[in-house]
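K.L.:
build the 3D model from these lines:
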Amino acid sequence: MNPSELRSQLERLHPSNLAWARHCCRQQDVEAEEVLQEVYIRVLEGRARFGGRSSFKTWLFGVILRTARERARRGWLRATLLERWHQRSPEREAVPDPEFLVRQSQRGERLGSALAELPRRQQQVLHLVFYQDLTIEEAARLLGIGLGSARTHFERGKHRLRELLRSGVAA
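P.N.:
Numbering: from 1, shown residues only. Sure, this is the predicted structure:
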């Protein structure tokens, strides 16, 4: 069958093709239209060829049915893989309530204000140890000071920070 005859047959059979595609897609109009579009492309590009062993309409209905099943299988596979991925992904953290966030923010502000009251070297050592997860030894190397000096700044900084937070100076 030449391309113009194919187009003519597809146009003539379109209403019944669409009805059959809707049936194959469980009455889902959008899915049926997409299946039919895929079928028409296959036929017009020659990827699905009419062999003449049945009527054109019967053959075309078979192509529509196979295409609808392929799309359903791909959709099922996609949904299954997505579900498996979702089950393997780490649990989503629950969103904390707004009051908790405000309290945390206020504590953070108080801590930041208290840290700002400390001498610079104590601030640096505490920041590196608490916020950057470095050991005191690593902080000492990074700052270019001795280990004993870093330990002294760390202990004095913690002690002074505790005092400032208790007294409410950093409120």
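
K.L.:
and this protein, what are its domain boundaries?
P.N.:
Per the record, the chain has its domains at 3-88, 102-167, by automatic domain parsing.

K.L.:
these into CSV, with extra columns for mean pLDDT and mean neighbour count?
P.N.:
All C-beta atoms are positioned from the backbone trio N, CA, C, and that covers glycine. As requested, the domains of the chain are exported to CSV (pLDDT from 0 to 100; neighbours: other Cβ atoms under 10 Å):
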stretch, mean pLDDT, mean neighbour count
domain 3-88, 88, 14
domain 102-167, 89, 15
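
K.L.:
following element in sequence after the helix or strand harbouring residue 12, please.
P.N.:
When elements are assigned from DSSP states H and E, residue 12 belongs to helix 3-24. Using DSSP H and E, the next helix or strand after helix 3-24 towards the C-terminus is helix 29-45.

K.L.:
list the contacts of that following helix.
P.N.:
Helix 29-45 has contacts (Cβ atoms under 8 Å, 6 or more residues apart in numbering) with 3, 6-7, 10, 17-18, 21-22, 24-25, 47-48, 50, 60, 63-64, 67-68, 71.

K.L.:
please apply the same query to stretch 146-157.
P.N.:
The contact list for stretch 146-157 (Cβ under 8 Å, 6+ apart) reads 118-119, 121-126, 129, 136-137, 139-140, 143, 145.

K.L.:
grab the longest helix from this structure for me.
P.N.:
helix 56-88 (DSSP state H).

K.L.:
wait, residue 16 sits on residue 57?
P.N.:
Yes: the criterion here is Cβ atoms under 8 Å, and residue 16 meets it with residue 57 at 7.3 Å.

K.L.:
perfect, I'm done here.
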